[in-house]
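In: Could you work out the structure for the sequence below:
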Amino acid sequence: MKCFKCGAGMEKSTTTSVTDLGNCLVIVRNVPCYKCAECDEIFYTGDVVEKLEKIIDAAKKVMQEISIIDYTTAA
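Out: Have a look, this model is predicted:
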């Protein structure tokens with residue numbers, strides 16, 4: 001896979017996703033992604049984006065100031 005930003009090769013990796021909902025911060029660790037070897041651009045596949053959205057929606061219901069969730073253990 002080629003990076004959409006710089007055209008270099010992308011490698012499978014994991015990253016941390018941070019979403020600021022205004023009144024709370026949702027941090028999801030160990031998110032699978034493709035990361036550019038040159039510019040560190042991150043790309044998520046569709047299924048990963050779908051699961052991230054579900055995790056964030058569940059965190060909204062709890063409404064803690066900061067939620068730290070491990071992607072690999074989230075339902």
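
In: C-alpha from now on. contacts and neighbour counts both.
Out: Will do.

In: so where is this structure shaky, pLDDT-wise?
Out: Low-confidence segments of the chain (pLDDT under 70): none present.

In: What ranges does it have for its helices?
Out: Per DSSP state H, the chain carries helices over the ranges 46-62.

In: middle-most residue in it, spatially?
Out: For the chain, the residue nearest the mean C-alpha position is S17 (3.6 Å; CA atoms, centre = their mean).

In: Give the closest residue to that one in space, chain neighbours not counted.
Out: Nearest residue to S17 in three dimensions, chain neighbours excluded: V28, at 5.1 Å (CA to CA, 6 or more residues apart in numbering).

In: Then I68?
Out: Distances taken as CA to CA, 6+ apart put I27 closest to I68, at 4.7 Å, once the chain neighbours are dropped.

In: what sits against the one you found?
Out: T16, S17, V18, T19, I66, S67, I68, I69 (CA atoms under 8 Å, 6 or more residues apart in numbering).

In: and it, what are its bridge partners?
Out: For I27, the beta-bridge partners are V18, I68 (DSSP bridges).

In: Now do it against K51, distance only.
Out: Note on I27: its distance to K51, by CA to CA, to the nearest Å, is 14 Å.

In: circling back to that earlier point, my guess is the residue nearest to the centre of the chain contacts L25, does it?
Out: No - applying CA atoms under 8 Å, one finds S17 not in contact with L25, separated by 10.4 Å.

In: follow-up on the earlier one: from C3, how far off is the residue nearest to S17?
Out: From V28 over to C3 (counting by CA to CA), the distance is 23 Å.

In: Next: V26.
Out: Using CA to CA, V26 is found at 26 Å from C3.

In: Repeat that for V49.
Out: Distance from V49 to C3, by CA to CA: 18 Å.

In: who's more crowded, those two?
Out: Neighbour count, other CA atoms under 10 Å: between V49 and C3, C3 has more, with 20 against 15.

In: correct me, but that one touches E11?
Out: No - taking contacts as CA under 8 Å, C3 lies outside contact range of E11: 9.6 Å.
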